[in-house]
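>>> Next input, structure requested:
(one chain, ligands or ions: 2)
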Amino acid sequence: MNIAQKPPLRKAVRAVKSPARSEVDIATTKPGTPGGIFMRQFWICVSRGEDLPAGRAKPARIMSENYTLYRGAAGRVHCIDSKCPHRHALMHLGWVEDDSIRCVYHGWKFAAGGQCVEQPAEEAGFARKVRIGSYPCGEYLGMIWVYFGPGAPPQFPPFPHRATPGIIQTFNVEKVPCNYLQSFENSMDEVHVAFTHAPGGSHANLSRDLPIITAQEEPWGLLRFGTRKTGKVRRSLHYAPNVTRVIVPPLTGMDGVGGWPEIYFSFTPVDDENHLWFVTSHVEIEEPQMEAYRKQRAKYDQAMAAAKPTAELADELMAGLHDYAGVRHPDLAIVQDIAVQAGQGRLADRQNERLGRSDAGLIAWRKILTRELKRIAEGKTPKKWTAPPADVTPTLGF
Ligand code: FES
Ligand SMILES: [Fe+2]
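Numbers count the residues shown, from 1 in each chain. Ligands and ions are numbered 1, 2, ... in the order given. This next block holds a predicted model:
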């Protein structure tokens, strides 16, 4: 462990104060707002790769704006504006032709990159004057990433992943009925694990005692520590602006093979009151155990297919239809998290909380966000975020 990866002294926790309230709206990501400008500096996870087959287009609403995603015949992913510049038909209704897309209304065709290249009923020469908005795309860890900001995008992929052999697996995408920041903050709040996830026992190993939470800003985001009574330290990474990389217990039924996976959570705003929760994992598994692992994963997939949708069960919990402690589900931890996070309201009331020392992780992030958004609002130069190094990795910590 290098010096930068050691938890800061406890004194540093006390020094972390909640930012002054009401200075700037840290939850909004609408275009043109400081929060929206901040988020658009980064690659944003918008879909699982497997949810966009070759030759298909689909709509996507991200940070209160509408887009079309499509995958060309050879597998390349593209992101363009949702509506045709001619008379605003929805582009995802159209046809994918190699790496181009043709509008369903009057047949205008747009090449990869957005240039209009055909207008069947128009005069020659008009097409070259027309473009549709187009955004850089990439695929990484089973997910599709788009850069919505101005100028050239930052490095891709935006962060490293576990270097050991293994497989990448994605999980169900959840649409969570609240602002994205509530989920990102929850991922910095390790103390909740011992309570929220007590029913079902999936996180029992992380709940033997309560960690002391400390956090420090890094050139790429926030490095957070949970120090146990034993002195062992659990280290988790929060990549700016909305990705958490952490080692977690296997899903229910997946224990016994593959060990604890590294999980990457992406909390992507749909608008200010909804977000997508993407989960992808790197499981350390090699050929001899692969068969056993695949069998267990198939059982999990079957159980998920037969179970009530996660968000629906979380809704029912929030409505008081079930006893929280008695609920069981193949993705119980996700159900529990959604009930707690969305139960705070579509937009958490951060003006009226009573934060304590265990909130040091989310307080640290709010402070960074507030500082950056204020800089943007005042026209000052914001922080130049850098790509995270490969040698700063999460640890299990017990
Ligand atoms: S609206 Fe798309 S071609 Fe007319
Ligand atoms: Fe949780």
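
>>> State the distance from the closest residue to Gln169 other than its chain neighbours to Thr244.
In space, and not counting its chain neighbours, Gln169 is closest to Ser281: 5.3 Å by CB to CB, 6 or more residues apart in numbering. C-beta here means a position set from N, CA and C on the backbone, and glycine is covered the same way. Distance of Ser281 to Thr244, computed by CB to CB, to the nearest Å: 12 Å.

>>> And those two? Which one has more around it.
Set side by side, Ser281 and Thr244 show more neighbours around Ser281, with 26 against 22, by other CB atoms under 10 Å.

>>> Quick check: bridge partners of the spatially closest residue to His238 that is not a sequence neighbour?
Of all residues not flanking His238 in the chain, Leu222 sits nearest, at 4.2 Å (CB to CB, 6+ apart). Per DSSP bridges, the residues bridged to Leu222 are Glu217, His238.

>>> need the helices for the stretch 51-200 of the chain, in chain order.
Assigned by DSSP state H, counting those that start in this stretch, the stretch 51-200 of the chain shows helices spanning 180-186, 193-196.

>>> What of the stretch 251-398 of the chain?
Along the stretch 251-398 of the chain, the segments classed as helices by DSSP H, counting those that start in this stretch run 287-306, 310-318, 332-342, 360-377.

>>> just the ones you listed: most buried one?
Ranked by mean neighbour count under mean count of other CB atoms under 10 Å, the helices of the stretch 251-398 of the chain are led by helix 332-342, which reaches a mean of 24.

>>> Just put the helices of the stretch 51-200 of the chain in JSON lines and tack on mean neighbour count.
Below are these laid out as JSON lines (neighbours: other CB atoms under 10 Å):
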{"stretch": "helix 180-186", "mean neighbour count": "24"}
{"stretch": "helix 193-196", "mean neighbour count": "18"}
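
>>> hey, least reliable of the ones you listed by pLDDT?
Mean pLDDT across these is lowest at helix 193-196; the value there is a mean of 93.

>>> distance between that one and the chain's centre?
21 Å (CA atoms, centre = their mean, to the nearest Å).

>>> For the residue nearest the centre of the chain, give me its contacts.
Residue closest to the average C-alpha location in the chain (CA atoms, centre = their mean): Ser266, at 1.1 Å. Ser266 sits next to Ile44, Cys45, Met143, Asn242, Val243, Leu276, Trp277, Phe278, Thr280 when contact means CB atoms under 8 Å, 6 or more residues apart in numbering.

>>> at 7 Å what do you get?
Contacts for Ser266 were tallied using CB atoms under 7 Å, 6 or more residues apart in numbering; they are Cys45, Met143, Asn242, Val243, Phe278.
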